[in-house]
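1. predicted model, plus sequence, below.
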Amino acid sequence: MESKWLAMVLVVLSLGSGLCDGCLEEERFALFQLKPFFEFIDYKFQDLINNIYEKESSSNCCEWERVECNPITRRVTHLFLNYSSNMEIDWYLNASLFLPFEKLQSIFLRGNFITGCVANQGFERLSSKLDKLENLDLSNNHFNNSILASLSELSSLKSLNLAGNVFTRSNPTNGIEMLSKLNNLETLDLSGNRLGNNILSQLDGFASLKSLRLEYCGLEGTLDIQESNNNWMKLKELYLEGNEIESLGSLFHGKEGMKLNKLEVLSLRLNFLNNSVFSSLVELSNLKSLDLFFNKLEGAIYTKGLRLMNLKHLDLSGNGLSGNGFNSSILSSVATLPNLKTLRIDISQCNGLIDLYGLSNLEELYMASNSVAGNDCGFSLQSLGLFPTLKTLSLGGFNINETTMASYSHHSKL
């Protein structure tokens, strides 16, 4: 019996021999090796607005806000080093400093003025030992195309954020397509890099992508795909906000277009798209969210031929939708979307009363009238009687009298 107790004690001692205040001693040492470059690694997340810095009081690095450990093994699994450098000039990272953290799953390095890696000490050094690394955030730094070959060796990556760097239009030998070697990559953010329209063809080989962000990437004019291998079959989310896109061209249809059968979220807000955009969406039958905020939509819209039976969220606000036939053209088109839950829409001109018959499944409605003087734009609250599930109602610029309002004051959900 005593021998069994002795054996258990020896096991406990052997497991704890590498621990230092809850951390593995070698990993605690490695954290302080990072401190000259990430000064605030042992500080709590600072209050950036009030410029308040609070140092960690615990000597247990696993209790620090910027460090997350496995609760059983006490190995470091996540490093949250966003905005943790006090350097305000460009500097080069020695990525091999992360090698001691063999169970590392996530590294967040957002906003640290990093311009590249030390020669022969790039991210490729991590590929052999950090085989659990799935999430890497390098956004809001100063990385350029020279880092791509190094990143392409991190085969375990599932999420890569390169937004807000200085990647540019490139030739086939140093372009974003080098990252297509990352066969497990599911989420890619390239927003805020001036990549141009060619980026779409360069990304065609990313077969595992589920979410892609190309916001503010200098896309312009017509988005035509010369030839597609249809490797975006798994893509569920596509964000193209803040470009200068005038037409989706053959991006989503035609024999060259991407066959995005699983696309559920499409953001096209803050572009130059006109009413013809709807004809480009006919094959996106699984779309659940469509954002067309602040484009060039004008007059009436027609959704005939669209198969958006699963669409739940639609944003048409910030456009010039108008016309005396608002009910019969615009709203009747929207009414063909049977599962719509959220609708945002602005009306630039209308005369008469607007009603919403046919949109009985709405849960949230945000509607604003921007009619100029002389255009009487009213709203029929009686039509809301057909909205048993409505929970949120926002109306701006409409003529709604107190009597009409009182008649709807007892809606059970609002």
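-> Good, I have the coordinates.
2. now do the helices in the stretch 151-300 of the chain.
-> 199-202 (DSSP state H, counting those that start in this stretch).
3. how about the strands in it?
-> Taking DSSP state E, counting those that start in this stretch, the strands of the stretch 151-300 of the chain run over residues 159-161, 187-189, 211-213, 220-222, 237-239, 244-247, 265-267, 289-291, 298-299.
4. who does the spatially most central residue of the chain bridge with?
-> Nearest to the geometric centre of the chain sits R213, at 6.1 Å (Cα atoms, centre = their mean). Here R213 sits in beta bridges with D189, Y239, going by DSSP bridges.
5. also C69?
-> Going by DSSP bridges, C69 forms beta bridges with V76.
6. that older thread, any chance of the strands of the stretch 151-300 of the chain in a markdown table, plus distance to Y83?
-> All C-beta atoms are positioned from the backbone trio N, CA, C, and that covers glycine. Output for those, formatted as a markdown table (distance: least, Cβ to Cβ, whole Å):
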| stretch | distance to Y83 |
| --- | --- |
| strand 159-161 | 14 |
| strand 187-189 | 17 |
| strand 211-213 | 20 |
| strand 220-222 | 32 |
| strand 237-239 | 23 |
| strand 244-247 | 30 |
| strand 265-267 | 26 |
| strand 289-291 | 29 |
| strand 298-299 | 42 |
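7. in JSON lines: these, plus distance to S150 and mean pLDDT.
-> Shown next, in JSON lines, are the strands of the stretch 151-300 of the chain (distance: least, Cβ to Cβ, whole Å; pLDDT from 0 to 100):
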{"stretch": "strand 159-161", "distance to S150": "12", "mean pLDDT": "99"}
{"stretch": "strand 187-189", "distance to S150": "16", "mean pLDDT": "99"}
{"stretch": "strand 211-213", "distance to S150": "21", "mean pLDDT": "98"}
{"stretch": "strand 220-222", "distance to S150": "30", "mean pLDDT": "96"}
{"stretch": "strand 237-239", "distance to S150": "26", "mean pLDDT": "98"}
{"stretch": "strand 244-247", "distance to S150": "31", "mean pLDDT": "98"}
{"stretch": "strand 265-267", "distance to S150": "30", "mean pLDDT": "99"}
{"stretch": "strand 289-291", "distance to S150": "34", "mean pLDDT": "98"}
{"stretch": "strand 298-299", "distance to S150": "47", "mean pLDDT": "85"}
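8. closest to T77 out of those strands?
-> Proximity to T77 (Cβ to Cβ) singles out strand 159-161 among the strands of the stretch 151-300 of the chain, at 14.6 Å.
9. can you list contacts of the closest one?
-> 110, 134-139, 151, 179, 182, 185-189 (Cβ atoms under 8 Å, 6 or more residues apart in numbering).
10. list just the nearest of the residues you listed to N70.
-> Closest to N70, out of all of the contacts of strand 159-161 and judged by Cβ to Cβ, is E134, at 14.3 Å.
11. who's in contact with N295?
-> 268-274, 277, 318-319.
12. low-scoring stretches of the stretch 301-414 of the chain, by residue?
-> Residue ranges of the stretch 301-414 of the chain with pLDDT under 70: 304, 323-329, 350-353, 355, 357, 371-386, 398-414.
13. so where do the strands sit in it?
-> Assigned by DSSP E, counting those that start in this stretch, the stretch 301-414 of the chain shows strands spanning 313-315, 320-321, 342-347, 352-354, 364-369, 377-379, 392-396.
14. of the contacts of strand 159-161, buried ones?
-> 110, 134-139, 151, 179, 182, 185-189 (16 or more other Cβ atoms under 10 Å).
15. Q46 against Y53, yeah?
-> Yes: counting by Cβ atoms under 8 Å, Q46 touches Y53, with 5.1 Å between them.
16. what's the overlap in contacts for these two?
-> Joint contacts of Q46 and Y53 (Cβ under 8 Å, 6+ apart) are F40.
17. compare those two (neighbour count), which wins?
-> Between Q46 and Y53, counting by other Cβ atoms under 10 Å, Q46 is the more crowded of the two (15 against 12).
18. wait, what's in contact with the closest residue to G320 other than its chain neighbours?
-> Nearest non-adjacent residue to G320, counting by Cβ to Cβ, 6 or more residues apart in numbering: E298, 4.3 Å away. E298 is in contact with 274-275, 319-322, counting by Cβ under 8 Å, 6+ apart.
19. got it, and M309?
-> 285, 337-339 are the contacts of M309 under Cβ under 8 Å, 6+ apart.
20. neighbours of N50, how many?
-> So N50, with other Cβ under 10 Å, has 6 neighbours.
21. could you number the chain from 41 rather than 1 from now on?
-> Shifting the count to begin at 41 puts that one at N90.
22. checking my notes, it in a helix, right?
-> No: with DSSP: H, G, I helix; E, B strand; the rest coil as the criterion, N90 is assigned coil and is not in a helix.
23. what pLDDT does it get?
-> Note on N90: pLDDT of 71.
24. my read: L139 touches E164, true?
-> No: if you go by Cβ under 8 Å, L139 and E164 don't touch, sitting 11.8 Å apart.
25. still on that earlier bit, just the buried ones among the contacts of strand 199-201 now: which is nearest W131?
-> L178 (13.7 Å).
26. wait, what's in contact with that closest one?
-> The contact partners of L178, taken as Cβ under 8 Å, 6+ apart, are 149-150, 154, 187, 200-202, 205.
27. what subset of the residues you listed is buried?
-> 149-150, 154, 187, 200-202, 205.
28. any chance of the residues you listed in CSV, with distance to N238 too?
-> Shown next, in CSV, are these (distance: Cβ to Cβ, whole Å):
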residue, distance to N238
L149, 27
R150, 27
I154, 26
I187, 19
L200, 19
N201, 21
L202, 16
N205, 18
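29. pLDDT weak spots in the stretch 41-190 of the chain?
-> 41-61, 87-89.
30. tell me which stretches of it form strands.
-> For the stretch 41-190 of the chain, applying DSSP E, counting those that start in this stretch gives strands covering 59-60, 63-64, 107-109, 116-120, 131-133, 146-148, 154-157, 175-177.
31. need the winner for burial among the ones you listed.
-> strand 63-64 (a mean of 23; mean count of other Cβ atoms under 10 Å).
32. quick revisit: out of the strands of the stretch 41-190 of the chain, which comes closest to L288?
-> Using Cβ to Cβ, the strands of the stretch 41-190 of the chain put strand 175-177 closest to L288, at 29.5 Å.
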